[in-house]
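Colleague: Fold the following.
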Amino acid sequence: MPPSPDKDKGKARPEMEMSEEEKAAIAAAEARQRSFERSLAGPSVGKAGLMRDQTDINRIIAAASKGSKYYLNQVRKDKELTEKIEWYQAKRDELMKMADVPRLESEAERILVEVEATRDLSQVIVHCDMDAFYASVEVQRDPSLKGKAFGVGRGVLTTASYEARKYGCRSGMAGFIAKKLCPHITLTEMHFDLYIAASKAVRKVLLQYDENLMMASLDEGYLNITPYMNANNMTAAEVVSQMRAEVEAKTQLTMSAGIAPNRMLAKICSDKNKPNGQYVMEFERTVITRFMRDLPVRKIPGFGRVTERCLEGLGVETCGDIFTHRAELLAMDHWFGFRGLCKAYLGIADNNVAPGKREERKSVGVERTFRDKTDDEDILNELTSIAEELEKDLERLQYAGKTVTVKYKLHTYENKTRAKSVGKFISTSKDILPIALELMKRELPVRIRLLGIRLSTLKDMTVADKGIKGFFTSPSKKRANSTEAGRSRPTTPILIDVDDDNELARMEREDEAEVFEMTAEDSDDVVDSPIPSDIGTPPPTSILGKRKSSESDKSAHLLGPVCPICNKALGPGTSNSGLNEHIDWCLNKEAINEAGRRSPVKKAKLEKKGTGNNAAQKGKDKKGTMLDWLKKS
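Modeller: Just a heads-up that it's a prediction; the model follows:
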């Protein structure tokens with residue numbers, strides 16, 4: 001955890017007697033502590049409608065979770081992130097000493113002009129967001145909850161009523177933390193059958209306004225209402241007001257909406273007049289850029305707490321600061337992705353609205369969270385149950401795959417994955433379970449709190465085989481498969497697209513994977529994914545979106561196993577041991593690089609060893625030796 005300022009020292013020495021360096025050190029320590037507490041509070045900080053100060057809420061959350069395994073893991077992650085930020089700052093200073101600043105600023109402005117040229121104000125995009133969706137459905141189930149502070153989910157809150165939100169209770173928060181913030185809160189069980197039924201009723205209404213409705217989850221989606229406006233001679237505000245009224249009439253649930261030229265702005269606007277309201281962004285460049293200038297970077301969809309802290313380390317707190325620090329950010333383009341930041345500064349993003357395509361899906365998986373498990377037999381039985389559930393999902397979604405990945409989270413909140421590829425496409429628990437058991441048995445004994453199986457290197461079973469197998473498949477079966485899969489088409493809404501991935505984006509994705517891991521220490525609840533796979537779960541949106549895939553990227557997964565960490569195709573000749581070595585490298589590359597910097601002797605030996613003619617063996621020796629050295633140390 002970031003060091004706290006020495007209060008006794010401050011009392012013994014009046015502020016006026018302290019040197020400027022000491023004052024700066026104390027102020028920096030206090031800022032780090034506030035930043036850590038804000039990070040610990042999770043992704044929902046800064047929401048409107050609070051009765052108490054957000055800083056006070058963050059402090060209560062930190063005090064309540066102190067000493068827990070989650071807290072200790074966050075302390076470790078915070079320390080690593082702080083060191084990373086210091087490295088970024090040192091790298092920036094190093095680059096700027098050698099840089100021609102006027103030339104960098106001129107190049108940055110040229111890129112801004114190029115990005116500005118892509119602005120499209122011709123489409124009217126709406127982001128619809130149901131108000132406290134799970135909580136509202138629970139009130140319909142149990143009217144006695146109306147007007148009360150309550151949360152849905154006992155171990156982890158999936159949502160909280162607006163009365164509970166006033167005290168700082170949020171989704172993804174542990175139940176015991178919620179009770180610290182709001183002692184009179186009531187926690188209810190989850191009823192997914194009711195949520196899915198309500199979501200389908202809402203979607204039925206929204207589809208009347210845009211048949212290409214893009215659902216982002218059970219309770220939110222994007223529409224392009226431009227054709228509907230033109231056909232009915234209505235303004236955007238009139239269409240959305242009518243839509244919201246119809247949703248409420250049909251479902252007795254309220255909805256908020258944001259109206260803007262693209263999906264990013266629409267999502268930001270939908271939160272402006274919550275609950276049960278709407279906000280229209282003016283379709284003028286000057287209005288949009290003025291709106292973005294003072295907007296905190298954390299408000300950008302996909303910009304999480306890792307991005308926020310890293311950008312703060314470079315002096316960027318609002319989108320307007322991106323232009324102020326344009327030269328430095330361009331110099332750091334490899335790590336931060338300058339064009340993506342330009343889009344955030346200008347308020348430019350994708351305005352394409354369409355259901356996700358089946359071929360965009362990379363994997364199908366099932367995972368479960370529970371209280372710590374240590375018994376080997378209990379863990380393997382859980383794995384069996386997960387494999388059976390995965391088989392049902394694969395059958396319903398009509399996919400098969402070649403790479404089986406077992407994921408588990410230790411009681412210390414460290415994530416581990418082990419994978420193995422096979423030579424044929426599989427989709428049944430009979431084929432998946434033996435591989436998963438083989439991978440998991442190697443890791444025993446362990447103490448875990450999460451377990452899952454994921455199948456990747458997918459094949460779409462609705463696409464007719466062109467070979468001899470396709471010839472013998474009956475037309476009726478092909479039609480049945482196609483119809484069934486069409487009902488469960490996954491969605492993949494990406495809010496901000498950039499040309500290249502970057503290091504900060506990858507760091508953000510890793511952090512997002514743990515956003516909802518603040519589970520209660522004293523809970524027996526099993527927390528499955530809050531979005532059933534038949535609705536379609538979008539992949540995590542990185543800080544700057546998803547790297548645009550080329551034609552070669554789309555077919556790369558057919559050439560061999562795909563790493564579940566970096567999504568890189570490893571080639572058809574990759575063995576199972578080679579796949580696992582690559583995964584280990586992905587998981588530990590930061591530590592390996594750091595070890596290499598700290599141990600020049602080892603590094604020299606590795607370089608000497610790598611002078612052979614076999615390049616592939618050279619890389620393997622380097623990684624293997626360094627991993628062995630890390631384990632010993």
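
Colleague: contacts and neighbour counts: CA atoms only from here.
Modeller: Will do.

Colleague: Please pull out the lowest mean pLDDT helix or strand from this structure.
Modeller: Across the helices and strands of the chain, mean confidence by mean pLDDT, DSSP states H and E is lowest for helix 551-556: a mean of 35.

Colleague: now for the biggest helix by length in the chain, which elements pack on it?
Modeller: Using DSSP state H to define each element, the chain has its longest helix at helix 69-98. Packing partners of helix 69-98 (3 or more CA pairs under 8 Å, 6 or more residues apart in numbering; DSSP states H and E): helix 20-40, helix 305-313, helix 326-331.

Colleague: Generate JSON lines for those, with distance to Arg244 as supplementary columns.
Modeller: JSON lines is the format used below for these (distance: least, CA to CA, whole Å):
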{"stretch": "helix 20-40", "distance to Arg244": "34"}
{"stretch": "helix 305-313", "distance to Arg244": "32"}
{"stretch": "helix 326-331", "distance to Arg244": "41"}
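
Colleague: Please name whichever of these is nearest to Lys357.
Modeller: helix 305-313 (28.9 Å; CA to CA).

Colleague: Residues contacting the helix or strand that comes right after the closest one, please?
Modeller: Once the chain leaves helix 305-313, the next helix or strand it forms, by DSSP states H and E, is helix 320-324. In this structure, residues lying in contact with helix 320-324 by CA atoms under 8 Å, 6 or more residues apart in numbering are 292-295, 315-316, 329, 341-342, 345.

Colleague: pull the CA atoms of helix 320-324 into PDB?
Modeller: In PDB, the C-alpha atoms belonging to helix 320-324 read as follows (Å, rounded to 0.1, in the frame of the first residue of the first chain):
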ATOM      1  CA  GLY A 320      -8.400  18.500 -22.600                       C
ATOM      2  CA  ASP A 321      -5.100  17.600 -21.100                       C
ATOM      3  CA  ILE A 322      -4.400  15.200 -24.000                       C
ATOM      4  CA  PHE A 323      -3.900  18.200 -26.200                       C
ATOM      5  CA  THR A 324      -1.800  20.000 -23.600                       C
END
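
Colleague: Looking at that helix now, give me its mean pLDDT.
Modeller: For helix 320-324, the mean pLDDT works out to 95.

Colleague: got the buried residues for it?
Modeller: Burial within helix 320-324, assessed by neighbour count using 16 or more other CA atoms under 10 Å, is assigned to 320-323.

Colleague: Just put those residues in a markdown table and tack on distance to Thr118.
Modeller: Formatted as a markdown table, the buried residues of helix 320-324 follow (distance: CA to CA, whole Å):
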| residue | distance to Thr118 |
| --- | --- |
| Gly320 | 19 |
| Asp321 | 21 |
| Ile322 | 19 |
| Phe323 | 18 |
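
Colleague: What is the nearest of these to Ala257?
Modeller: Gly320 (25.3 Å).

Colleague: returning to that earlier point: tell me which of the helices and strands packed on helix 69-98 sits nearest to Val101.
Modeller: helix 326-331 (6.4 Å).

Colleague: who's in contact with the closest one?
Modeller: In contact with helix 326-331 (CA under 8 Å, 6+ apart) are residues 92, 95-96, 101, 104-105, 108, 322, 336, 338.

Colleague: buried subset of those?
Modeller: For these, buried by 16+ other CA under 10 Å: 92, 96, 104-105, 108, 322, 336, 338.

Colleague: how about low-confidence regions in the chain?
Modeller: 1-17, 37-52, 464-502, 506, 508-633 (pLDDT under 70).

Colleague: ranges for the strands of it?
Modeller: Listed in chain order, the strands of the chain (DSSP state E) span 125-130, 150-152, 159-160, 186-188, 214-217, 220-224, 255-260, 278-280, 363-373, 399-410, 415-426, 448-460, 527-528.

Colleague: Distance check, Thr254 against Lys274.
Modeller: 10 Å (CA to CA, to the nearest Å).

Colleague: okay, and the common contacts of those two?
Modeller: Asp131.

Colleague: per-domain residue ranges of the protein.
Modeller: 24-100, 125-283, 357-464 (the TED database).

Colleague: Export these as CSV, with columns for distance to Glu503.
Modeller: Output for the domains of the chain, formatted as CSV (distance: least, CA to CA, whole Å):
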stretch, distance to Glu503
domain 24-100, 11
domain 125-283, 22
domain 357-464, 19
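
Colleague: Of those, which is nearest Cys310?
Modeller: Of those, nearest to Cys310 by CA to CA is domain 24-100, at 5.7 Å.

Colleague: Contact partners for Lys66?
Modeller: Leu72.

Colleague: likewise Ile379?
Modeller: Ile379 touches Lys373, counting by CA under 8 Å, 6+ apart.

Colleague: From Thr226, how far off is it?
Modeller: Ile379 is 52 Å from Thr226, by CA to CA.

Colleague: can you check Val202 too?
Modeller: 20 Å.
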